[in-house]
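A.B. asks: My questions concern the predicted model and sequence given below.
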Amino acid sequence: MSRGRNPTHIGTYEVTDRLGTGGMGVVYAGTHPTLRRPVAIKTRRRSGDPSESLQFERFLQGAVLQAELDHPYISRVYDYVVTDDLQALVMEYLGGGSVEDWLAEAGGPLPISVAIEI
């Protein structure tokens, strides 16, 4: 995976767009090559940093824990990919934006009825 531009593939998944950047890495939109299923791919770049082993285990533990959850507002985990330079969590793609997007659109706190649904 190269820095600065979107990769074309992560594992066997085709990358179609960059959805956002977070504290651990980048989230991409992608597609399963055979099933043509849209997915979200959360990535974490691996490094030679002394804390790499700990960061690797934390990301993996997060993937395992998320895979155990089943809720309409939590993406289902489909796959976990490890390459020489990254870890990736392949998840159900849930359109509709982020909570941050909803807050910006609302111009402040969400109505209680919406917040309760989340």
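C.D. replies: Nice, thanks for sending it over.
A.B. asks: any idea how far S53 is from S47?
C.D. replies: Using CB to CB, to the nearest Å, one gets 11 Å for the distance from S53 to S47. For the C-beta atoms, the positions are set from N, CA and C on the backbone; glycine is no exception.
A.B. asks: the helices in the chain, which residues?
C.D. replies: In the chain, the segments counted as helices under DSSP state H are 52-67, 99-106, 112-117.
A.B. asks: For the second one, what does the pLDDT average out to?
C.D. replies: Computed over helix 99-106, the mean pLDDT rounds to 80.
A.B. asks: Kindly export that helix (C-alpha atoms) in PDB.
C.D. replies: Provided in PDB are the C-alpha atoms of helix 99-106 (Å, rounded to 0.1, in the frame of the first residue of the first chain):
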ATOM      1  CA  VAL A  99     -22.200  10.300  13.500                       C
ATOM      2  CA  GLU A 100     -19.900  13.300  12.900                       C
ATOM      3  CA  ASP A 101     -21.700  13.900   9.600                       C
ATOM      4  CA  TRP A 102     -25.100  13.700  11.400                       C
ATOM      5  CA  LEU A 103     -24.000  16.200  14.000                       C
ATOM      6  CA  ALA A 104     -22.800  18.600  11.400                       C
ATOM      7  CA  GLU A 105     -26.000  18.300   9.500                       C
ATOM      8  CA  ALA A 106     -28.100  18.800  12.600                       C
END
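A.B. asks: Can you name the residues in contact with that helix?
C.D. replies: Contact with helix 99-106 is made by G97, P109, L110, V114, I118, as judged by CB atoms under 8 Å, 6 or more residues apart in numbering.
A.B. asks: of these, closest to Y28?
C.D. replies: Of all those, Y28 sits closest to G97, with 15.9 Å by CB to CB.
A.B. asks: Sweet, I'm off.
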